[in-house]
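[1] Kindly generate the corresponding structure for this input.
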Amino acid sequence: MGYQVRDYVVDDEPSWLRCRVLSFLGAALHEKVLVAKPEVSGAELVAVDGDVVVGILDLAVDGELATIEAVAVHPDHQHRGIGGALLSRARARALALGATTLDAWTRDDAPTLRWYRGMGFGESDHHPHVFADHHTSADEPARAVVARPGLRAVKAVLHADLGEEARSRREFARVRVCRRFAIALRGELAGRGDDVDHRAVAQDRHRQR
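    Numbering: from 1, shown residues only. Now for the predicted structure:
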């Protein structure tokens, strides 16, 4: 296999941050740079190759809902089934913590969407993210938000109603649709889980949440 899935430990943080940043660089989440690992309430999982973190999955659990807060695979280690292995461990941990549903929110990167669908997740809610940036066009932020006197907006990230997507795309250079994926952990639908995970392992194309 070449890698091991285990719980995150504090000494993993520098390697964890590098894995996350590098996996996000070519994706729709490229601006989400962290300088410290956030804590989560459910599980913190990593895939390691030796001492190097090559995959991450953070899971938050709130009652019966478990949410993937971050999942990423280092670009040099993709297509090895690491994402599927992390997900399998996360599903087991979510079940043990009492969750009945596992969900995730992600932007519209084609490889990411294929991965979630291939893992058996169903797609439900959507809303556009509008990025207004003065580096793209000097007047974008002012068209997106009204700043109070003495302040000038230079960058803004806004959530829009789905009905505003077409208009937002006409007015702003960068608009991405945020999508919710979910899968049942118990009951009739949950039986697909492990089979789907193992089929997808061989063609894991996932790079980030």
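[2] got the contact list for the closest residue to residue 157 other than its chain neighbours?
    Nearest residue to residue 157, sequence neighbours excluded (C-beta to C-beta, 6 or more residues apart in numbering): residue 131, at 5.7 Å. The C-beta positions use only the backbone N, C-alpha and C, and glycine is treated the same way. By C-beta atoms under 8 Å, 6 or more residues apart in numbering, the residues touching residue 131 are 155-157, 172-176.
[3] quick one: buried residues of stretch 104-124?
    104-107, 109, 112-113, 115-116, 118-121 (16 or more other C-beta atoms under 10 Å).
[4] what's the farthest-apart pair in those residues?
    107 and 120 (20.1 Å; C-beta to C-beta).
[5] rewinding a little: and the contacts of residue 131, which are buried?
    Among those, those scoring as buried are 156, 172, 174-175 (criterion: 16+ other C-beta under 10 Å).
[6] Let me know the closest of the residues you listed to residue 52.
    Ranked by distance to residue 52 (C-beta to C-beta), the buried ones among the contacts of residue 131 are led by residue 174 at 32.5 Å.
[7] Turn the buried ones among the contacts of residue 131 into TSV, including pLDDT and distance to residue 125.
    Below are those laid out as TSV (pLDDT from 0 to 100; distance: C-beta to C-beta, whole Å):
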residue	pLDDT	distance to residue 125
156	84	22
172	86	21
174	78	21
175	81	17
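[8] which element is residue 79 on?
    Using DSSP states H and E, residue 79 falls within no helix or strand.
[9] Tell me where the model's unsure across the protein.
    Along the chain, segments meeting pLDDT under 70 span 1, 27-33, 187-209.
[10] which residues in it form helices?
    Applying DSSP state H to the chain gives helices spanning 13-24, 82-96, 110-118, 140-144, 165-171, 193-201.
[11] got the angle for the third one vs helix 82-96?
    Per axes from the mean of the first three to the mean of the last three C-alpha atoms, to 10 degrees, the angle that helix 110-118 makes with helix 82-96 is 50 degrees.
[12] And helix 110-118, what does it pack against?
    Contacts defined by 3 or more C-beta pairs under 8 Å, 6 or more residues apart in numbering; DSSP states H and E place helix 110-118 against strand 101-106, strand 122-133, strand 174-184, helix 193-201.
[13] partner strands of the first one, parallel or antiparallel?
    Which is strand 101-106. Partners of strand 101-106 in the sheet, by DSSP bridges, are strand 65-73 (parallel), strand 174-184 (antiparallel).
[14] mind giving me the domain ranges of this protein?
    Domain segmentation of the chain under automatic domain parsing yields 4-123+181-201, 127-175.
[15] Just name the most buried of these.
    Ranked by mean neighbour count, these are led by domain 4-123+181-201 with a mean of 18 (mean count of other C-beta atoms under 10 Å).
[16] gap between it and the chain center?
    Put simply, domain 4-123+181-201 sits 7 Å off its chain's centre (C-alpha atoms, centre = their mean, to the nearest Å).
[17] Repeat that for stretch 173-180.
    For stretch 173-180, the distance to the chain centre is 13 Å (C-alpha atoms, centre = their mean).
[18] Need the contact partners of that stretch.
    Outside stretch 173-180, the residues touching it (C-beta under 8 Å, 6+ apart) are 28, 103-108, 113, 123-131, 133, 136-137, 140, 159-160, 165, 168-169.
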